[in-house]
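# could you look at this predicted model? Sequence included:
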Amino acid sequence: MSTVTTATPSIMSPVRQPRRRSLVRDTAVVMTRELRPVVHDPFSLVFGLVQPLVFLGLFGPLLVGSLGGAADGALGGNVWQWFVPAILVMTALFGTSMTGSNLLFDFQTGAHERMLVTPLSRSSLLIGRSLKEMVPLAGQAVIIVAAMVPFGFRLHVGGALVGLALLAVFGVGLGSLSYALAIVVRKQEWMFWVVQQTLIFPLMILSGMLLPLETGPGWMRVAAAFNPLAYVVDAERALFSGELASATAAWGWVAALATAAVGLTVGIRAMVRSAD
Amino acid sequence: MIHTRSLTKDFVVSRRQTVHAVRGISLDVEPGELVAVLGPNGAGKTTTMRMLTTLIAPTAGTASVAGHDVVAEAGQVRRRIGYVGQGNGAGHTQRVGDELYCQGVIYGLDRAAARRRTGELVESLDLGDLVSRKVSALSGGQRRRLDVAMGLVHAPSLLFLDEPTTGLDPQNRANLWEHIQRMRAEHDMTILLTTHYLDEADSMAERVVVVDHGEVIADDTADHLKADLAGDRVVVSADDEGGATRLAPLASRLRGARDVTRDGVRVEGRVDDGPRALPELLGAAHAAGIGIESAQVHRPTLDDVFLTLTGRSLREAGSTDTDAQDATTRKDAA
């Protein structure tokens, strides 16, 4: 601390607080606070990259081999063009769906209770936390894409940026749902992982993220039609190929915005009741 | 500063079971008071505090804190009160200085002011060497001082402390109290604290509110409570049983004497003012030719007060019939 403190009674003079609070300012305060540990410890970002890189390095080559002749039809000419956008969605899916566990920890220690007695609005506590997830996610996406370009991944900058924006919207929704789940199960914490794990794998497989659904049975394609994640994955593939104005991309936006709307509504309602 | 009327909180555990954690507490705390709420685990102390700090809404009754209603104007209350909960308020991945600075910004300080306030608090709560330390690396006592610092960031005129010293060793407890007392003297703070340490309520608070089963069962200064509800206990042993038999009526004539009993050579009873009563009794015994072997005065503790009020000792009360309530309030606090 560069501040020089004197032992005069002037210590702790009364604080003048602004008369009105704004949601934007509150959200920015929460987000900045949540980001501080990431800034101090950037290596936590790198650990988050291990899983997507393992999938890219080990699953990608298998994908081409196991599909054999079918690969060309289902994946298009370049496997990375099909697989890299999906891996970005996967990174977002895992990162944001687990983020509620951070809140569970803050429930345990009392740090969340501390935030609840401050004048910060309940909605800013949720929105700020959910938005914070987007920063490491963007960093990871840049690294993944940069790592894959030398292997023949063709980058359409415009499409990629729109793709990341879409992913951010979807991620905010999913992150909010994860926080809502954490709040609901805070008295039986183990439930958090049971629910998260039970939901995430069916969602992932039925999105055609890792393996194309075109080669699967018909009922799977029907199920996928009800999975918002499937629309997001398809849209990411279209956007990263530069198809900005396609119907696939439009459906992706619908799915992402719907997820965000539902997530924020449910999340904020849960946050308001999180002190009970 | 605090005015509650029939403040009530029920927790619906299941369709068949409702826990009445707080049953109609009416309490007035004036500016500048230091009030300790004392009671066994599960008595409703924490639940009351959580209603007063806007964390949970009352089932019935009203509470006005720092001039504002805790339900209708929760935001206004939150701006004005400082709160140190049972847990640790600082995020474990955060650094000490960052967390204090961030709290300053939350309460509306600009960057320079928040930085200055961080410096002041760090100085006055002995956290100077720890500003860039991670919260998870702090000791229990250091964490507790940080909690208090966070509660004081906006210089509140009313501070709530929920079991501030639980889990600290005696040295850290004394140290934390030193800090709290000094801060209070410097800024005329009103303080409401809960504790289950009897000695703490006795020595620190000017007023003790005893709570049991969700109700206030006594409310006065510790000295008055002890004098009115427990009284000093005088124990005198005579040389022989004959002497003791003659001594008992003498003891009964002392001022405020009650519950005088004889057991063998031993006579004991409660009196208003033990240190004055004992010489008087010994003088009377000497005049009557009764030989005295030993004499003692026991000053009452707040535990004696609780025992008189409820028939239970405060130390045991938490673990017996209040278990269900205990579980609810504690889960709630987690």
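Nice, I can see it.
# A:Leu125 against A:Met271, yeah?
Yes: counting by C-beta atoms under 8 Å, A:Leu125 touches A:Met271, with 5.6 Å between them. For every residue, glycine as well, the C-beta is placed using N, CA and C.
# quick check: closest non-adjacent residue to B:Asp232.
On the basis of C-beta to C-beta, 6 or more residues apart in numbering or on different chains, the spatially nearest residue to B:Asp232 that is not a chain neighbour turns out to be B:Gly274, at 2.9 Å.
# so how far is chain A from the one you found?
Distance, B:Gly274 to chain A, by C-beta to the nearest C-beta, to the nearest Å: 42 Å.
# so what's the residue count around B:His154?
By the criterion of other C-beta atoms under 10 Å in any protein chain shown, B:His154 has 25 neighbours.
# got the phi/psi numbers for it?
When read as degrees, to the nearest 10, the backbone of B:His154 gives phi -100, psi 20.
# next up, phi/psi of the nearest residue to it once chain neighbours are set aside, please.
Computed as C-beta to C-beta, 6+ apart, the closest residue to B:His154 that is not its neighbour in sequence is B:Tyr107, at 3.9 Å. Dihedral angles of B:Tyr107 (phi, psi; degrees, to the nearest 10) stand at phi -80, psi 10.
# surely B:Tyr107 meets B:Arg78?
No: the pair B:Tyr107 / B:Arg78 is not scored as a contact, 9.5 Å apart, by C-beta under 8 Å.
# between the two, what contacts are shared?
Common neighbours of B:Tyr107 and B:Arg78, counting by C-beta atoms under 8 Å, 6 or more residues apart in numbering or on different chains, are A:Thr118, A:Pro119.
# I'd like the mean pLDDT over stretch A:98-110, please.
Mean pLDDT, stretch A:98-110: 91.
# contacts for it next, please.
Contacts to stretch A:98-110, defined as C-beta under 8 Å, 6+ apart, come from residues A:112-113, A:115, A:129-130, A:133, A:175, A:178-183, A:186, A:189, A:192-193, A:196, A:274, B:85-89, B:91-92, B:334.
# and the residue of chain A that's closest to chain B?
In chain A, the residue found nearest to chain B is A:Gly110; the distance is 1.9 Å by C-beta to the nearest C-beta.
# what's the burial count for that residue?
Applying the criterion other C-beta under 10 Å, we find 21 residues in the vicinity of A:Gly110.
# ramachandran angles for it?
When read as degrees, to the nearest 10, the backbone of A:Gly110 gives phi 110, psi 0.
# which residue, neighbours along the chain excluded, lies closest to it?
By the measure of C-beta to C-beta, 6+ apart, the closest residue to A:Gly110 outside its immediate chain neighbours is B:Gly87, 1.9 Å from it.
# also B:Arg80?
Leaving aside its sequence neighbours, B:Arg80 sits nearest to B:Ala66 (C-beta to C-beta, 6+ apart; 3.9 Å).
# residues from the stretch 151-300 of chain B in reach of chain A?
With the criterion set to C-beta under 8 Å from any C-beta of the partner chain, the stretch 151-300 of chain B comes near chain A through B:Leu152, B:Val153, B:His154, B:Ala155, B:Met183, B:Glu186, B:His187.
# could the residues you listed go into CSV alongside distance to B:Val135 and pLDDT?
As requested, those are exported to CSV (distance: C-beta to C-beta, whole Å; pLDDT from 0 to 100):
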residue, distance to B:Val135, pLDDT
B:Leu152, 17, 87
B:Val153, 15, 89
B:His154, 20, 87
B:Ala155, 22, 85
B:Met183, 21, 83
B:Glu186, 26, 82
B:His187, 25, 79
